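Chemist: starting from these lines, generate the structure:
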Amino acid sequence: QHTRGKNVWFVGILDEKLDDFNRKVFVPQIDGSKTGLELPGIVDQVITMASLPDELNRPQRAFVCQTLNPWSYPAKDRSGRLDLVEEPHLGRLMEKIRGPLIPAERRLTYSPPQLPPPPGPTATDTHSYPTN
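Modeler: Numbering: from 1, shown residues only. Sure, this is the predicted structure:
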C-alpha cells in the first residue's frame, strides 16, 4: 500500500445527490457501487477543490481539506497539517503535508459550551424529597 518516495493522486468529479433525509451529499463519480464509499478510507488525504465565496461574496477556488466543513464536501487529512481551507496550489499543499507537524495544543482546541446551571426546586414544588 505504500510507494516510498512517490505520491499518487486520484483526480475525479463529484456528483451532488440527496440522501434519505433529503440532505445534499457529494459522492465521487467512480465505477463500482462500493468503490466511491471505500476509497476515502484507503487514502491519506481527500481534498475537494471548490468555489467558495470570499468576504465580498466573489467566488474563489480553494481546497477544502477537513472532514468537518460547513459545505459538506468530502475531505480528510491524516497528516494533521492542513487547515480547513487551503490555497489551491498543489506544490504548496504537498510542502505543507510533508512539513513539520503542528503541536497538538494548537490543533486540538475545544471549548465546551457554557451551560446554564440546572434549575433548582421552585416555591410551587410540593413534592417532598428525602434527605439523608
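Chemist: please, where are all the helices along this structure?
Modeler: For the chain, the helices identified by DSSP state H occupy 35-42, 90-98, 104-107, in order along the chain.
Chemist: what's near enough to touch the closest residue to residue 97 other than its chain neighbours?
Modeler: The shortest distance from residue 97 to any non-neighbouring residue, by C-beta to C-beta, 6 or more residues apart in numbering, is to residue 79 (4.8 Å). For glycine as for every other residue, the C-beta is placed from the backbone atoms N, C-alpha and C. Applying C-beta atoms under 8 Å, 6 or more residues apart in numbering, one finds that residue 79 lies in contact with 44-45, 97, 101.
Chemist: out of those, which end up buried?
Modeler: Applying a neighbour-count criterion of 16 or more other C-beta atoms under 10 Å, the buried members of these are 45, 97.
Chemist: out of the contacts of residue 79, which is nearest to residue 22?
Modeler: Taking C-beta to C-beta as the measure, residue 22 lies nearest residue 45 of the contacts of residue 79, at 29.8 Å.
Chemist: that closest one pairs with what?
Modeler: residue 77 (DSSP bridges).
Chemist: list the contacts for it?
Modeler: 65, 76-79, 82, 97.
Chemist: quickly check the contacts of residue 79 for the two that are furthest apart.
Modeler: 45 and 101 (14.8 Å).
Chemist: follow-up on the earlier one: Serialize the helices of the chain to CSV and add fields for mean pLDDT and distance to residue 71.
Modeler: Written out in CSV, the entries for the helices of the chain read as follows (pLDDT from 0 to 100; distance: least, C-beta to C-beta, whole Å):
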stretch, mean pLDDT, distance to residue 71
helix 35-42, 83, 16
helix 90-98, 93, 18
helix 104-107, 69, 21
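Chemist: before I go, just wanted to say thanks for your time.
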